[in-house]
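In: need coordinates for the following:
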Amino acid sequence: MPTKTKAELETENYMLFGQLESIHEQISEILYATCDDKTKLTRKKMTMMRTTIN
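Out: Model (predicted):
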């Protein structure tokens, strides 16, 4: 198995992180769609707080 360069590993890491973010977003949308209105309000607040922190 050939050894990958640092640049190749960084590129692969970046792509995998992008895929992970996309999967996380999809899961969040599914959970949001399947919860009740009170939970949606709480999740919206948490998302806003998380966005503010980042």
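In: low-confidence stretches in the chain?
Out: By pLDDT under 70, the weakly predicted segments of the chain are 1, 38-54.
In: neighbours around C35, how many?
Out: Residues lying near C35 (other C-beta atoms under 10 Å) number 13. C-beta coordinates here come from the backbone N, C-alpha and C atoms, glycine included.
In: name the element it belongs to?
Out: For C35, there is no host helix or strand (DSSP states H and E).
In: measure it to I27 for me?
Out: From C35 across to I27, the span is 12 Å (C-beta to C-beta, to the nearest Å).
In: neighbours of P2, just the number please.
Out: 5.
In: let me fix that, I meant to ask about Y32.
Out: 13.
In: mind giving me the packing neighbours of the helix or strand containing E29?
Out: In this structure, E29 sits in helix 6-33 according to DSSP H and E. Packing contacts for helix 6-33, counted by 3 or more C-beta pairs under 8 Å, 6 or more residues apart in numbering; DSSP states H and E, involve helix 37-53.
In: switch to 6 Å and redo it
Out: Helices and strands touching helix 6-33, as assessed by 3 or more C-beta pairs under 6 Å, 6 or more residues apart in numbering; DSSP states H and E, are absent.
In: for E25, see how far away Q19 is.
Out: Distance from Q19 to E25, by C-beta to C-beta: 11 Å.
In: specify the local secondary structure of P2.
Out: Secondary structure, DSSP: H, G, I helix; E, B strand; the rest coil: P2 is coil.
In: residues contacting it?
Out: P2 makes contact with no residue under the criterion C-beta atoms under 6 Å, 6 or more residues apart in numbering.
In: now with 10 Å?
Out: E8 (C-beta atoms under 10 Å, 6 or more residues apart in numbering).
In: how about T11?
Out: So T11 contacts K4, T5 (C-beta under 10 Å, 6+ apart).
In: again with K4
Out: Counting by C-beta under 10 Å, 6+ apart, K4 has contacts E10, T11, E12.
In: next, count neighbours for the last one.
Out: Just to be clear, that refers to E12. As a burial measure, E12 scores 11 neighbours (other C-beta under 10 Å).
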